[in-house]
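# Sequence below, structure please.
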Amino acid sequence: MTKQATIPDGAVSLGLAGTAPGLLVEHGGGRVVVVLPGPPSELRRLWPGALETDAFRKLLARVRPPERRVLKFFGVSESAVAQALEAAGGDGDGVEVTICARDFEIHVDLVVEPEAGARADELAARLVEPIQRYLWARGEEAIEERVLDLCRDRGLTLATAESCTGGLVAARLTAVPGASRAFRGGVVAYSDEVKRSELGVPVELLERHGAVSP
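Numbering: from 1, shown residues only. Next up is the predicted model:
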């Protein structure tokens, strides 16, 4: 408790999360040191206080944040994307690249410093070239948004028939604003009886292969 109550000379208190303090200290040359507790919930509670201080506002006013670009791939392995990145020259020179598997997709995040835009353009072009056919998005667009946009552009409507997913596909589609312009509805046919009566799945097909099969 004594340690938590000790405040460095010149520090500004950001308040408490329980007994954990948050502090901000200006440190020569316009640098700012923000001290926050480690547990995420406590950190998130105190971080907004740092943004409201004059010292932090002055810092933000004189710096340019890096740009974030996202490339989204589907149907290619994480290792293949990593190989493409290496062949393209790798990151560095103001461009930091992270490859991450998310929701059955491979996302490539490029954090680009203000002076490295041309370097990022070149790196992204060379990375994408050998795996172009797997690239489906540049940016934060979600797959359900793309599906609905394509349906609307082509004058199509969409319905779902689900079993083991329990309505998850329909839930993701209807979470998109304006989905009703293309999405009609869905059936969660969990039992074989509902598969037969509502979806017309042949009895012999279910008997021969079961409800869960290719």
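# Could I get the full set of strands for the protein?
12-17, 20-27, 31-35, 67-73, 95-102, 105-112, 135-138, 158-162, 183-188 (DSSP state E).
# Next, the angle from the fifth one to strand 105-112.
Here strand 95-102 runs at 160 degrees with respect to strand 105-112, directions being taken by axes from the mean of the first three to the mean of the last three C-alpha atoms, to 10 degrees.
# What of the second one?
Going by the same axes, to 10 degrees, strand 20-27 is angled at 40 degrees with respect to strand 105-112.
# Could I get the buried residue list for strand 20-27?
By neighbour count on 16 or more other C-beta atoms under 10 Å, the buried set for strand 20-27 is 20-26. From N, CA and C alone the C-beta is placed, and that goes for glycine too.
# Would you mind giving those residues as TSV with distance to residue 180 and pLDDT added?
As requested, those are exported to TSV (distance: C-beta to C-beta, whole Å; pLDDT from 0 to 100):
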residue	distance to residue 180	pLDDT
20	46	90
21	49	92
22	45	94
23	50	94
24	47	94
25	52	93
26	53	91
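# Name the nearest of those residues relative to residue 167.
Taking C-beta to C-beta as the measure, residue 167 lies nearest residue 20 of the buried residues of strand 20-27, at 41.0 Å.
# before we move on, the earlier item: make TSV out of the buried residues of strand 20-27 and add distance to residue 73.
Output for the buried residues of strand 20-27, formatted as TSV (distance: C-beta to C-beta, whole Å):
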residue	distance to residue 73
20	41
21	44
22	39
23	42
24	40
25	43
26	44
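# which residues in this structure form helices?
Using DSSP state H, the helices of the chain run over 2-5, 40-51, 54-61, 78-87, 117-128, 143-153, 168-174, 192-199, 203-209.
# out of those, nearest to residue 161?
Of those, nearest to residue 161 by C-beta to C-beta is helix 192-199, at 5.4 Å.
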